[in-house]
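1. Sequence first, then the predicted structure, then my questions.
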Amino acid sequence: MRLLVLLLISWAASGVFAAGVKSNSNERDYIIEVLIFAQQPGTGATEIAGRPHIFLPVEERALRIGTTPAWKKLIRASSPYYRSQQIRLTREAYALKNSNDYRVLFHDAWRMRLVAEPRSVPLLIEGGDYFDGIPELQGKLKLSVARYLHLETDLFFNTFEPVSNAPTLKTGTLPNSSNLTEGIYQVKDSSHMHQRRRMRSNELHFIDSPYLGLLIKIDRAP
């Protein structure tokens, strides 16, 4: 038994267990860019929108990405500093905006430190048009890093219906230039994108669901 203990100590000192030590070596600053767009389900798609999703107040520490007036009313914990970066997926965004089949809901880039999953915080985002203060797109992303980068999406795309018979349309804009529709509205249904994806840095990744699409690129920060 004593020999085994000595051998284990020797192996650890010589780097035999380096893989375990290096498991967090990818924890560092990254530049993240995310582009989310609405789309119509493809031919033959069977998934339909679900019941309206109600967002509850956020008690845990989380990071609000971009202009998030709806999330701002719900978060009750401190939010880390948001460091915006210049967007680079301009060609992809232009193609989506000039297509009748897609509509850009959210596009932003930021710098943050990615850590192991147990210590990562949710990223709160929203976008699209607003109806009675409620955004079309609202949800969370969670990014973490181990040997690979990992992304979990928990996004909802809402459609609305008027409660009153005579709403007033498009009378202003929110700070993020999304259309603001006044009147009394309620969420009619919510389409959910809940996926987990393993990714590599410096590559453009595409995540698809019947009603939403997401492009994400994560680069190591200089």
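-> On my side now, so go ahead.
2. Below-threshold pLDDT in this protein: ranges please.
-> 1-24, 42-47, 164-183 (pLDDT under 70).
3. Now do the strands in it.
-> 28-39, 63-64, 83-84, 102-114, 123-131, 134-145, 149-162, 172-173, 179-181, 185-199, 204-208, 212-220 (DSSP state E).
4. from these, which stretch is densest packed?
-> Highest mean neighbour count of the strands of the chain: strand 123-131, a mean of 24 (counted as mean count of other C-beta atoms under 10 Å). C-betas here are computed from N, CA, C, even on glycine.
5. Tell me the strands beside that strand, with direction?
-> strand 63-64 (parallel), strand 134-145 (antiparallel), strand 179-181 (parallel) (DSSP bridges).
6. quick one, what contacts the residue lying closest to Lys97 once chain neighbours are set aside?
-> Leaving aside its sequence neighbours, Lys97 sits nearest to Val104 (C-beta to C-beta, 6 or more residues apart in numbering; 5.6 Å). Counting by C-beta atoms under 8 Å, 6 or more residues apart in numbering, Val104 touches Leu35, Ile36, Phe37, Ala93, Leu96, Lys97.
7. let's see 6 Å
-> Counting by C-beta atoms under 6 Å, 6 or more residues apart in numbering, Val104 makes contact with Phe37, Leu96, Lys97.
8. these two touch, right, Val187 and Pro52?
-> Yes - if you go by C-beta atoms under 6 Å, Val187 and Pro52 touch, sitting 3.9 Å apart.
9. most centrally placed residue in the protein?
-> For the chain, the residue nearest the mean C-alpha position is Leu141 (3.4 Å; C-alpha atoms, centre = their mean).
10. Now do the same contact list for the spatially closest residue to that one that is not a sequence neighbour.
-> Excluding its sequence neighbours, the residue lying closest to Leu141 (C-beta to C-beta, 6+ apart) is Leu123, at 4.3 Å. Residues counted as contacts of Leu123 (C-beta under 6 Å, 6+ apart) are Leu63, Ile65, Leu141.
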